[in-house]
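*Asks:* Structure of the sequence below:
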Amino acid sequence: MRQRHCTTSRPDSNAFTLIELLVVISIISLLISVLLPALAGARKSARGIQCSNNFKQMGFGQMAYAGDYGWFVSPKLAGAMYPYNSGWWFMTMRTYVGYDNKVPTGWSDFTTACNTGVYACPEWQKLGSDNWSYAMNNFQYLANPTYNFDLSPYKIWDGTTNYTIRPDSQTQSKMINASRIMLMSELGYTTAHGGGFNVHYAIRNGTYWTGSDGGTAPAFRHNDAKNTLFMDGHVGSNRDDDSMNWNLYLN
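*Replies:* Alright, predicted model coming up:
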């Protein structure tokens, strides 16, 4: 008599059990939670590098402009012959950073020209309708003989507040070389102009740079630092740690 063997069905050994699936999902979730902040940090660092490259390109433009005219571009050329801020450095340096020499015919032209391309920090969050990322040192304290640095030669463009200097200008009373003197940097928002969120076209002193003047917000966008273009053409990353002198040079 043939015996019957009782067999039981077993799950396929190649299939996932529910517990195994939950473990895999947990591991993936953990990896995502670990990697996302790192990716965000990498993107932020990349934006900081792009901003630094903007300054390098503007530094080449500044040097080329100085080669043609004998001076770094002024923070502000004003008057009837410069309508719609066409005498500000954003406009006078356009052809030296790869743009056309279009003269603005309205405020929207000026605004658009000043907050796009090489003139715009990728980490900068635009507020309002008339603002920008970068500003120039107007050398109000280093060049003005009153403050005993005697940075010369210099030239006054607009009354007694807007100075410009040459690439070979040197301090006479305190020896501060070009690698330590700020030419351009990032500046925070201010509400001083009609209640908007404008960024000043020039950095006048260290309180503007640190955002401690009472009307300017800090702009340390890149991992609590900001990029700075120095007179010798190099770009540095500087924090609000007293490394930048009130007179806009490195201590």
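
*Asks:* which is the next helix or strand following the helix or strand Asp168 falls within?
*Replies:* Element membership for Asp168 (DSSP states H and E) is strand 162-171. Sequence order places strand 182-186 as the next helix or strand after strand 162-171, per DSSP H and E.

*Asks:* Show me what the next helix or strand after that next one is packed against.
*Replies:* Sequence-wise, the next helix or strand downstream of strand 182-186 (DSSP H and E) is strand 189-190. Applying 3 or more Cβ pairs under 8 Å, 6 or more residues apart in numbering; DSSP states H and E, one finds that strand 189-190 makes contact with strand 198-199. For glycine as for every other residue, the C-beta is placed from the backbone atoms N, C-alpha and C.

*Asks:* can we see that at 6 Å?
*Replies:* If you count contacts as 3 or more Cβ pairs under 6 Å, 6 or more residues apart in numbering; DSSP states H and E, strand 189-190 packs onto no helix or strand.

*Asks:* can you list the weak-confidence ranges in the stretch 101-250 of the chain?
*Replies:* 128-130, 160, 191-196 (pLDDT under 70).

*Asks:* For it, which segments are assigned as helices?
*Replies:* 107-114, 206-210 (DSSP state H, counting those that start in this stretch).

*Asks:* Ok, which of these comes nearest Phe149?
*Replies:* Comparison of these against Phe149 by Cβ to Cβ identifies helix 206-210 as nearest, at 13.7 Å.

*Asks:* Please compute how far the closest one lies from its chain's middle.
*Replies:* The chain centroid and the centroid of helix 206-210 are separated by 14 Å, computed with Cα atoms, centre = their mean, to the nearest Å.

*Asks:* now do stretch 209-227
*Replies:* 10 Å.

*Asks:* list the buried ones in it?
*Replies:* 209-211, 213, 216, 218-222, 225-227 (16 or more other Cβ atoms under 10 Å).

*Asks:* Please apply the same query to stretch 162-171.
*Replies:* For stretch 162-171, by 16+ other Cβ under 10 Å, it's 162-167, 169-171.

*Asks:* And those residues, which two are furthest apart?
*Replies:* Largest pairwise distance in those, by Cβ to Cβ, is 20.3 Å, between Asn162 and Gln170.

*Asks:* Pull the residues that contact the strand holding Asp168.
*Replies:* 66, 71-72, 74-76, 138-139, 143, 149, 151, 153-156 (Cβ atoms under 6 Å, 6 or more residues apart in numbering).

*Asks:* Which of the helices of the stretch 101-250 of the chain has the highest mean neighbour count?
*Replies:* Of all those, helix 206-210 has the most neighbours on average by mean count of other Cβ atoms under 10 Å, namely a mean of 21.

*Asks:* Convert that one to CSV, retaining C-alpha atoms only.
*Replies:* Extracted in CSV, the C-alpha atoms of helix 206-210 (Å, rounded to 0.1, in the frame of the first residue of the first chain):
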residue,chain,number,x,y,z
GLY,A,206,33.6,98.5,9.2
THR,A,207,30.1,99.0,10.7
TYR,A,208,28.7,98.8,7.2
TRP,A,209,30.6,95.6,6.6
THR,A,210,29.6,93.9,9.9
